[in-house]
Every structure is written in structure tokens, then in C-alpha cells.
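Engineer: The amino acid sequence is not available; the structure is as follows:
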DNA sequence: GAAAAAGCAAGAGCAGTGCTCCCGTTTCGT
DNA sequence: ACGAAACGGGAGCACTGCTCTTGCTTTTTC
């Protein structure tokens, strides 16, 4: 069962897997996901293409590894953004988080497309990506939990949810489970909070998709300012008056 | 210059172009965009692969034709939805529009991915798609124009925009131009309206992207209800009390 | 109406892809 | 030390987009 990686060969293997992923990411950045060629990666590494199949059973498996790495990267960026703004007003924290994710997306557009664009054909999201995805979701939920919830400044519909049957049951149980695993108190995780959080989330990634995939071409001039205005407006709907980043100051 | 399409051959050509697109769309639906094979289309049509190059100079040109068709399809669905709800409350109209677009997206996921997912590698959105894109944008703007604007029921920040420099200058001028071309009065097209409209739009397509590309897997159970709740909530932020579709009725 | 021009389909062929199999070699666990 | 497992290389299969040449048909021009 538990095979102990004894020495030289295991180390070399891990090193080579890293090299493959590094070369693949470089190629990803220059040509995109569906033009990513195993043979080109092999050439880059000065190795026969068949050799790569000792490390990744197929091209899709290699892509899966890149996807998992990408999820973890963006989750790192998001967690760092939230951690660096502890104690600040909610709208400001949200903006910093959104800008961190956008910065990551702009810097690595092809990796963003890999995980948030259309999945490659006949390719089902592998279950091993579930963990990093949950990291990202949890980052947002924790921000909501520490932010407008504490101050109870949102509109009434946000605090007191209407009857929405069981639409949010699953996401709430997931969130509560994750919160408790981290020792946090999941109190106040109402349907209203979840609705608002998912709304922010979908708007953020919808915006990024539009920006990165060209839907805002010929519509927007200053993408940075445009993004900031949209994100601040979205956040202020939840916590009006909490902060005014671009306002008179 | 103006070549008169003289009879038989021109008709046969148009017919064959339609056949190619039809076969390509069928293949698109079953295997996805980047696995769309010119040779397979040729086989399907019982013709040599080289023959297709008389009609489409490259695979990308064929994809461009499919993209343009897809844009027009979704614009048709959107316009029909808005037209069929004239006079109804804004939130209801928005929900019908959103559900029409979602219905189209679910029915033709690969075509949705083709235009709203990550663009195929090294492929820049061709300028001939600008017109159908504008049709869709205009449909939303006209709905906003006829809806919450008339009743002036939105929150104060929506009616009286704060100073947002020139972030929305370009989209506003585009919208005004399009409105006037249709004989509509572009009055009231404030930054607040544009902000809110783009927010709705990005949230809608962010939601659809998440749903179609698997981000909501293991998070949501009833996708229909979830979508409705999210969209109604988003719209009611602009026109509170305008309608309550899922509420006590 | 005949000749020239243009449109058309087919086939061979090129360079590239993912992937498999088999080969001889190297390293590992025992 | 020995058998087993892991390894890298090369050849090869089926596939892709695309080009070029060859012959045929339709259209245009004189």
C-alpha cells in the first residue's frame, strides 16, 4: 500500500513532473489550452513524446494537473487579499479581493480560461479539483461573514430572507460544514447571505469573462476604472455606506 | 463589383453552404468546438475534405459563421422574450428574458460555450459579430429603459449617479446612437442605469457560465429554482416591489 | 456557337497531433 | 545478486488542417 519513495528515482520523478508542468504552463500561456501539445512539451524538455506517458497517462490528465494548480493559485491570491484587509470596511475588502482575482486572471488569462471558460471538449471536471474550489468559495463566505453580517447594515431583504424553499440548502450545509471545520461560528448564514454572496460571485466572474473573452471590446475604454465602479456598486448594495473607495476623499 | 448571382450555380452554392453549417452545428452539439473536424463534416456530407475549402477558407472561418449564427439565435430568443412581455412589471420581464437566454444556453450548450466561453486559441472575435452582439445589448437596454426608468422606483443611487468620470461614456454613446437609430428617446440613460444594466448582464452570464461549466456542481440541487431566485433578487434591487414572482401569491 | 475563364470536386501529399507497442537499459526492493 | 519494476527511445497507427495538382463542368465573353 503505502509505498515509501526511496531516494533517487522518486526525487527525479517528482522533479521531472514539475518540469513537465512548468513547460506545459509556459506553452499554455503562449498558445492556449487546446493547442497545448504533448509533443511540443516533450521537445522543450529534450525528450521523446512517449516518455511523457510514464508521468501523465494522457493529455487530459496533464491538463487536470494544471487546472488543480490554477485553482490553488487563484485561491492563494484570494486568501491573501482577504487576510491583508482584516478589520477594514466590507466594501473595501471586497474590492481588494475582486481586484486580486482580476489581477490573477489578467496575468494568466489562459489559466483563467482553463478553469472558468468552456471546459475542453468531452472533459468532465475531475473530483480532485473540489478541494481548491471550496477554498475559494469559503474565502468569499468568510468575508461576507465577517463583513456586512457583523454590522447588520444590509437591506431588510438581505437580513430576513423570504421563503425560498430549499434552493440554498446544499450550499448552506457545505458552508456550515466548512466553517465548523475551521472553528468558525456559522451563525447568520441565512439564505439572504448566500443569495447575496452568490450574486456577487457570479457578477465578478461574469465581468471577468466578458472582459477577458472580448465581450467588452468597443464598449469600455478604461477597464480598470470600469471594473472598480462595478464592483463597488455591487458590494454597496449589501453594505451601503460601509466605505466609498472611489468617492470624495 | 456587384456580381449578379446567375441562377443554378449560385443557388447550389448557397444550399451547400447551408448544408455545411448544418452538419457542422450537429457535430458541434455532439463533440464541441475544438473537436469540430472539417474532415468529419466532409465525410458527413459525402464529399472530399478539400472541397469544403471552396466555401470556407479555413476551419476558423467556418467557426466564425457558426458564431455569428449563434449570436443571432440568442438575440432572437431575447427579443422575442422582451416583446412577449410588453407592459408587464419590470422584474417579471427581466425574469422571462433571463429564462429565455438560459433556455437557449441549456439547449445549445456548445454554442453558448462557443460565444461566451473561452475563445478558441489564437482566435480573435471577428468584426462581423459586432452587429448581433449589439442587438442583444440593445434588448437589455431597451428593457431597462421601458422598465424601472419609467416608474422611477429604483434606489436613489440608481437614479442619481455619483461622479464616475468617463467610465461609461463609450457604452452610453453606443446606446444612444442605437436608440436614436430606432426612433427611441435615449433620455434617462444615466450612468446609474448603465451600471445597473451591466451588473445584471454580467451576473446573468456569470451565473450561466458557472451552471454550464460545472462550477455549481455539488453546490446546487434545483438549478431552475436557484436561477429564478437569483435573477429575481438581482432585478428587485433595481425595482423593489415591482413584482414578486416567487412570493406569496 | 465556339473559345476562354472561372468555379468546382477529388486525390495525393505534407506536417502536425495523441497515443500504443516494443525495445534495451537503469534502478529498485528483497 | 537477481527478478521486477520503472524508464527513455523509436517506430508506427489513425487522425487533423491545409495545399497543390488534375480533370471536369458551368458560366462568361467574343
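Structural biologist: Thanks, I have the structure now. Owing to the predicted nature of the structure, the values given are computational and were not obtained by experimental measurement.
Engineer: contacts, neighbours, all on C-alpha from now
Structural biologist: Fine.
Engineer: which secondary structure elements does the strand or helix carrying residue A:193 contact?
Structural biologist: Secondary structure from DSSP states H and E places residue A:193 in helix A:191-212. Helices and strands touching helix A:191-212, as assessed by 3 or more Cα pairs under 8 Å, 6 or more residues apart in numbering or on different chains; DSSP states H and E, comprise helix A:90-107, helix A:130-146, helix A:156-159, helix A:169-181, helix A:223-236, helix B:191-212, helix B:223-236.
Engineer: now that helix against helix B:191-212, angle please.
Structural biologist: Relative orientation of helix A:191-212 versus helix B:191-212 (axes from the mean of the first three to the mean of the last three Cα atoms, to 10 degrees): 90 degrees.
Engineer: hmm, back to that, and of the helices and strands packed on helix A:191-212, who's closest to DNA strand D?
Structural biologist: Comparing these against DNA strand D with Cα to the nearest atom of the strand, the closest turns out to be helix B:191-212 (24.5 Å).
Engineer: number of nearby residues for residue A:99?
Structural biologist: Using other Cα atoms under 10 Å in any protein chain shown, residue A:99 has 20 other residues around it.
Engineer: and it, what does it touch?
Structural biologist: Residue A:99 makes contacts with residue A:228, as judged by Cα atoms under 8 Å, 6 or more residues apart in numbering or on different chains.
Engineer: Any figure for the gap between it and DNA strand C?
Structural biologist: Applying Cα to the nearest atom of the strand, to the nearest Å, the value for residue A:99 to DNA strand C is 34 Å.
Engineer: circling back: closest one to residue A:205 among the helices and strands packed on helix A:191-212?
Structural biologist: Proximity to residue A:205, assessed across the helices and strands packed on helix A:191-212 by Cα to Cα, is greatest for helix B:191-212 (5.5 Å).
Engineer: in the closest one, what's buried?
Structural biologist: Within helix B:191-212, the residues that count as buried by 16 or more other Cα atoms under 10 Å in any protein chain shown are B:191-212.
Engineer: Could you give the secondary structure assignment for residue A:216?
Structural biologist: Recorded secondary structure, residue A:216: coil (DSSP: H, G, I helix; E, B strand; the rest coil).
Engineer: what's the residue lying closest to it once chain neighbours are set aside in contact with, if anything?
Structural biologist: Nearest in space to residue A:216, with sequence neighbours left out and distances taken as Cα to Cα, 6 or more residues apart in numbering or on different chains, is residue A:210 at 5.9 Å. By Cα under 8 Å, 6+ apart, residue A:210 lies in contact with A:216, B:116, B:202.
Engineer: Quick check: the second one vs residue A:212, distance?
Structural biologist: It stands for residue B:116. 10 Å (Cα to Cα, to the nearest Å).
Engineer: Give the rounded mean pLDDT of stretch A:59-69.
Structural biologist: Across stretch A:59-69, the average pLDDT comes to 94.
Engineer: any residue of it up close to DNA strand C?
Structural biologist: Yes: against DNA strand C, stretch A:59-69 shows contacts by Cα under 7 Å from any atom of the strand at A:59, A:60.
Engineer: What are the contacting residues of that stretch?
Structural biologist: Contacts for stretch A:59-69 (Cα under 8 Å, 6+ apart): A:21, A:25, A:38, A:56, A:111, A:114, A:115, A:123, A:126, A:128, A:129, A:132.
Engineer: Which of those residues fall in helices?
Structural biologist: Under the assignment DSSP state H, the contacts of stretch A:59-69 contribute A:21, A:25, A:38, A:111, A:114, A:115, A:132 to helices.
Engineer: List only those of those residues flagged as buried.
Structural biologist: Among the ones in helices among the contacts of stretch A:59-69, the ones that count as buried by 16+ other Cα under 10 Å are A:21, A:25, A:38, A:111, A:114, A:115, A:132.
Engineer: residue contacts, the first one?
Structural biologist: Taking Cα under 8 Å, 6+ apart as the contact definition, residue A:21 lies against A:62, A:65, A:66.
Engineer: Torsion angles phi and psi at residue A:54?
Structural biologist: Residue A:54 adopts backbone torsions of phi -70, psi -20, taken as degrees, to the nearest 10.
Engineer: still on that earlier bit, from the buried ones among the ones in helices among the contacts of stretch A:59-69, which are also near DNA strand C?
Structural biologist: residue A:38.
Engineer: close to chain B, is stretch A:107-114?
Structural biologist: Yes: on the criterion Cα under 8 Å from any Cα of the partner chain, stretch A:107-114 is in touch with chain B at A:113, A:114.
Engineer: Wait, residue A:232 touches residue A:91, no?
Structural biologist: Yes: with contacts counted by Cα atoms under 8 Å, residue A:232 reaches residue A:91, the gap being 6.5 Å.
Engineer: Compare neighbour counts for these two and give me the winner.
Structural biologist: A direct count of neighbours by other Cα under 10 Å for residue A:232 and residue A:91 places residue A:91 higher, at 26 against 19.
Engineer: Point to the residue nearest the middle of chain A.
Structural biologist: The centroid of chain A falls nearest to residue A:74 when counting by Cα atoms, centre = their mean (4.8 Å).
Engineer: so it is in which element?
Structural biologist: helix A:59-83.
Engineer: starting at the chain centroid, how far to that helix?
Structural biologist: In terms of Cα atoms, centre = their mean, to the nearest Å, the centre of helix A:59-83 is found 7 Å from the chain centre.
Engineer: That one near DNA strand D anywhere?
Structural biologist: No: judged by Cα under 7 Å from any atom of the strand, helix A:59-83 makes no contact with DNA strand D; its nearest approach is 14.0 Å.
Engineer: Please spell out which residues along that helix are buried.
Structural biologist: So for helix A:59-83, counting by 16+ other Cα under 10 Å, buried means A:62-64, A:66-79, A:81-82.
Engineer: Quick check, residue A:222 in contact with residue B:167.
Structural biologist: Yes: under the criterion of Cα under 8 Å, residue A:222 makes contact with residue B:167 at 6.3 Å.
Engineer: Of those two, which one has the most company?
Structural biologist: Counted by other Cα under 10 Å, residue A:222 and residue B:167 do not tie: residue B:167 has more neighbours, with 23 against 12.
Engineer: which SS state does that one fall under?
Structural biologist: Each residue gets one of three states, and residue B:167 gets coil by three-state DSSP.
Engineer: Pull the contacting residues for it.
Structural biologist: A:220, A:221, A:222, A:225, A:226.
Engineer: Could you rerun that using 7 Å?
Structural biologist: A:222, A:225, A:226 (Cα atoms under 7 Å, 6 or more residues apart in numbering or on different chains).
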